[in-house]
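Visitor: any chance you can model this:
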Amino acid sequence: MAVEVVYRSSRDLERLFMDKAEADRHDKMLELAEALATVLQQAVPSLNEQQSEDLGIFMARHRDVFSRAFKNNAEALAELPPRDA
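Guide: The predicted structure follows:
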């Protein structure tokens, strides 16, 4: 019988990772997504909870692209994947 060590994000208990660093990155991404969702909901009250959560996760997953865009490189936004990707 083999023993496997797996890691789980504290914010996403269903997802398992084989690498602690990957689990930590996922946890931090979800933490950022939650903060972004809160800010988006406050800025645009017409967004429902699911929409703000989806937007927060999208922005957190692509934080490097948004970071470059916010640093006067709007062309970086062209690198974002299409909606269905």
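Visitor: longest helix in the chain, please.
Guide: helix 20-43 (DSSP state H).
Visitor: name the residues of that helix that are buried.
Guide: 23, 26-27, 29-30, 32-34, 36-37, 40-41 (16 or more other CB atoms under 10 Å). To be clear about C-beta, it is placed using only N, CA and C from the backbone, and glycine gets the same treatment.
Visitor: for residue 2, state which of the residues you listed is nearest.
Guide: residue 23 (20.3 Å; CB to CB).
Visitor: what sits against the closest one?
Guide: Contacts for residue 23 (CB atoms under 8 Å, 6 or more residues apart in numbering) come out as 7-9, 17.
Visitor: could you rerun that using 10 Å?
Guide: 6-10, 12, 15-17 (CB atoms under 10 Å, 6 or more residues apart in numbering).
Visitor: helices - which of those land there?
Guide: Among these, no member falls in helices (DSSP H).
Visitor: most surrounded residue in these?
Guide: residue 9 (20 neighbours; other CB atoms under 10 Å).
Visitor: before we move on, the earlier item: give me the contact list for the next helix or strand after the longest helix of the chain.
Guide: Sequence-wise, the next helix or strand downstream of helix 20-43 (DSSP states H and E) is helix 49-61. Applying CB under 10 Å, 6+ apart, the contact partners of helix 49-61 are 28-45, 47-48, 65-66, 80-81, 83.
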